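**Q** What follows is a predicted structure for the sequence shown.
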Amino acid sequence: KTLQIAQEFMEQVNGKGVIPNVFNFKGYINASTLIEILKKIEGEITKEKIISAAEQLKNFDLGGITLNFNPASRTLSSSIWIDDGSEEWKEITLDDSQK
């Protein structure tokens, strides 16, 4: 199954001379996350408001990726997925408290 955000990425890069690779996809995810955070800010956008809005993200669906702010690690996601060549991608948990 392909994530919605991966489909959106491919639609955005198709025919634009951008090579669809993991680094560009990561940048797309990061930019999409920032845009969603900025949408939540009312009034003037400041560094403090960006941080505060990011810290409020709980169960936020970013095209199939669920973002939850973890105050201990200060991250929004605690997993990565590895394509090891098999049919299914392997989820790797980075947060020790989730193991």
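**A** Perfect, thanks for sending it.
**Q** What helices and strands are in contact with the top helix by length along the chain?
**A** In the chain, assigned by DSSP state H, the helix with the most residues is helix 22-39. Counting contacts by 3 or more Cβ pairs under 8 Å, 6 or more residues apart in numbering; DSSP states H and E, helix 22-39 packs against helix 4-13, helix 47-55, strand 60-62. Just so you know, the C-beta spots here come from the backbone N, C-alpha and C atoms, and that holds for glycine as well.
**Q** Relative to residue 86, which of the ones you listed is closest?
**A** Of all those, helix 4-13 sits nearest to residue 86, with 18.0 Å by Cβ to Cβ.
**Q** and the closest one, what's its mean pLDDT?
**A** Mean pLDDT, computed over helix 4-13, is 93.
**Q** Can you tell me which helix or strand of the protein has the lowest average pLDDT?
**A** One helix or strand of the chain scores below all others by mean pLDDT, DSSP states H and E: strand 79-82, with a mean of 70.
**Q** Parallel or antiparallel, list what pairs with that strand.
**A** Counting by DSSP bridges, the strands paired with strand 79-82 are strand 90-93 (antiparallel).
**Q** mind checking how far the residue nearest the centre of the chain is from residue 64?
**A** Most central in the chain under Cα atoms, centre = their mean is residue 29, positioned 4.5 Å from the mean C-alpha point. Distance of residue 29 to residue 64, computed by Cβ to Cβ, to the nearest Å: 11 Å.
**Q** any shared contact partners between these two?
**A** Contact with both residue 29 and residue 64 is made by residues residue 5, according to Cβ atoms under 8 Å, 6 or more residues apart in numbering.
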